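Q: the sequence isn't on hand, but the structure is:
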């Protein structure tokens, strides 16, 4: 006979399993299950089809919360309906440079971000499904428009989507004037096309193109010799430029050589300097020898006087021998004694 299970033991086992499951969930959730998260409200104008509860809330592309509630609201001031979206922001998802965690749920922090241009906007999450999400980003050029009248409500100003902005611009265009202008333009084009002068344009254009082709052909025939001569002149000019370039290169090399030779540190310059000094010294020596007070000059003058006297005596002797050749035998005195 089998033993019957005890109901007390079964109940204790079930209670223990449930308790263990609750403890496990609390440990995995990190104690955030019962933590109250801050919520903010965004008032969107226009339809919010595609936005669902649980849709993500992105701040600069990073998920910081989810959509918790979607309601319809009525603005009594202008009688317009709005879509009231309540979002829940996760705490401590922003960290400063110093490592300090910034809580976006605090109203003071959110107010500062709104003053810097934080705005809420609906964006398409998936083109296939048309789902939307809430995007938080800075648009300081867009003014902050607050809708909530309850001071206890933490509101983030919203801005229209790009599609809504485009729709608003299209709606503000003066379509009546545009269509009137388009109709007038269409009538003008019809009248212009019906004008006989306009119909003559293709024929005149074809004739003008044929004349232009003929003109181009004549220009090609006339300019071909000129172009050949011009090519020859250009070739000669190129050769001349090459020769001139070579001459300039040689001239530059010669100038560099002269510059090197004329340098104060060049050996040739030093040799020339020494030669000039030696020439100067020689000139001074010659000047000293050839001076009026020089003894050499005095001796030279005396020698010249003696040579002058000797030349004069030789000239007298030569005249005497020419007139009296016998004086060589008889002597000058015997010749003078003859009557």
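A: Arrived safely. Keep in mind the model is a prediction, meaning the values are calculated, not measured.
Q: tell me the mean pLDDT over the strand or helix carrying residue 214?
A: Assigned by DSSP states H and E, residue 214 belongs to helix 201-261. Mean per-residue pLDDT for helix 201-261: 85.
Q: name the helices or strands packed onto that helix?
A: Under the contact definition 3 or more C-beta pairs under 8 Å, 6 or more residues apart in numbering; DSSP states H and E, helix 201-261 sits against no other helix or strand. (C-beta placed from N, C-alpha, C; glycine too.)
Q: now it, how far from the centre of its chain.
A: On the basis of C-alpha atoms, centre = their mean, to the nearest Å, helix 201-261 sits 36 Å off its chain's mean C-alpha point.
Q: pretty sure residue 64 sits in a strand.
A: Yes. Assigned with DSSP: H, G, I helix; E, B strand; the rest coil, residue 64 falls within a strand.
Q: tell me, how many residues neighbour residue 263?
A: Look at residue 263: counted by other C-beta atoms under 10 Å, it has 11 neighbours.
Q: for residue 154, that is, sorry about that
A: 19.
Q: please apply the same query to residue 153.
A: Neighbour number of residue 153 under other C-beta under 10 Å is 16.
Q: how much space separates residue 121 from residue 161?
A: From residue 121 across to residue 161, the span is 6 Å (C-beta to C-beta, to the nearest Å).
Q: what's the answer for residue 279, then?
A: Per C-beta to C-beta, residue 279 is found 102 Å from residue 161.
Q: ok, those two, which is more surrounded?
A: Shown here are residue 279 and residue 161; by other C-beta under 10 Å, residue 161 has more neighbours (19 against 10).
Q: for the closest residue to that one other than its chain neighbours, give me its contacts.
A: With sequence-adjacent residues excluded and distances taken as C-beta to C-beta, 6 or more residues apart in numbering, residue 161 is closest to residue 122, at 5.4 Å. By C-beta atoms under 8 Å, 6 or more residues apart in numbering, the residues touching residue 122 are 44, 48, 51, 132, 133, 134, 135, 161.
Q: specify the beta-bridge partners of residue 122.
A: residue 134 (DSSP bridges).
Q: assumed residue 57 was part of a strand.
A: Yes. With three-state DSSP as the criterion, residue 57 is part of a strand.
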